[in-house]
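Visitor: have a look at this prediction, sequence included:
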2 protein chains.
Amino acid sequence: MEIREAVQRLGALAHETRLSVFRLLVRRGPLGLPAGEIATRMGISPPNASFHLAELARVGLVTAKRDGRSVIYSVDFAASLGLVDYLKENCCAEEVVPVVPLNSITRRKK
Amino acid sequence: MEIREAVQRLGALAHETRLSVFRLLVRRGPLGLPAGEIATRMGISPPNASFHLAELARVGLVTAKRDGRSVIYSVDFAASLGLVDYLKENCCAEEVVPVVPLNSITRRKK
DNA sequence: ACAATGATTCAACGTTTCTAGAATAATAGA
DNA sequence: TCTATTATTCTAGAAACGTTGAATCATTGT
């Protein structure tokens, strides 16, 4: 995963309402839930739910599909797992790696 | 981990500069790096580096300790692993769990 | 005490994000 | 077509975020 994509997905989850919505959808599994029911369960207004669901969809963590009058949102589990893997690889490998010598950075021409 | 703490830590990592700094510190391991060298390596101003390092420290993902005139920043690997575990548990468990019936939410008195 | 070095804080500015309510779209049924 | 339902888009204001340069703080060596 690219760092840009990771940043976007982390940002999408870095909001209490969105993270709660996301967890609700994870618990719900592949069935998903319609937008209105999500709003009701979360105790937020339908426009607010739409706003946050759109952000989660924009970054690829959830998908939407229309079913009659409802729009069913569900988690993209592959994308979610990808983000976790990114964090595992980049943020938990406790290991001293020799870094580029500083002078190769500071020694810039005059 | 509490959801508030998870949100704060996700937010700290949801910024390209901060995520890059964090990854640099992870690669560096327990040795850590002084603030000035981080600024130089990242190509950002010292105040900007301080700003982002302070945010990472505030949420507990890194720790700071003074060494002479330098302040050495290093990753808190326990905290980092805690965040990854939180995501694994809450965001990847693809499983249908029966949720509370909706009417217990919508049936509010008059 | 003074000067030099490394780092942080402050002040200011522009940008982005969040929320609420009104208005608009899309679908289904009579 | 008319109405009800479900969801999204639009508008506007408040709040939070990110960056810069100047000023300040902390430490070391002379």
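Guide: The structure has been received and is ready for your questions. Numbers count the residues shown, from 1 in each chain, chains lettered A, B, ... in the order given.
Visitor: A:A12 contacts A:R18, correct?
Guide: Yes - with contact defined as CB atoms under 8 Å, A:A12 counts as touching A:R18 (6.0 Å). To be clear about C-beta, it is placed using only N, CA and C from the backbone, and glycine gets the same treatment.
Visitor: now do the shared contacts for the two.
Guide: A:55-56 (CB atoms under 8 Å, 6 or more residues apart in numbering or on different chains).
Visitor: contact partners of the longest helix that chain A contains?
Guide: When chain A is parsed with DSSP state H, its longest helix is helix A:77-91. Contacts of helix A:77-91 with the rest of the structure, by CB under 8 Å, 6+ apart, involve A:1, A:6, A:9-10, A:26, A:60-61, B:13, B:22-23, B:26, B:75, B:80, B:83-84, B:87-88, B:91-92, B:94.
Visitor: buried residues in that helix?
Guide: For helix A:77-91, the neighbour count (16 or more other CB atoms under 10 Å in any protein chain shown) marks A:77, A:79-80, A:82-84, A:86-88, A:90-91 as buried.
Visitor: over to stretch A:25-37?
Guide: By 16+ other CB under 10 Å, the buried positions in stretch A:25-37 come out as A:25-28, A:32-35, A:37.
Visitor: off-centre distance for it?
Guide: Taking CA atoms, centre = their mean, to the nearest Å, one finds stretch A:25-37 lying 16 Å from the centre of the chain it belongs to.
Visitor: in chain A, where is pLDDT below threshold?
Guide: Within chain A, the ranges that satisfy pLDDT under 70 run A:94-110.
Visitor: in it, which spans are helices?
Guide: Ranges of helices in chain A, per DSSP H, are A:3-13, A:16-28, A:35-42, A:46-58, A:77-91, A:103-106.
Visitor: out of the ones you listed, which gets nearest to DNA strand D?
Guide: For DNA strand D, the closest of the helices of chain A is helix A:35-42, at 1.9 Å, according to CB to the nearest atom of the strand.
Visitor: touching chain B at all, the closest one?
Guide: Yes - counting by CB under 8 Å from any CB of the partner chain, chain B has neighbours in helix A:35-42: A:37, A:40-41.
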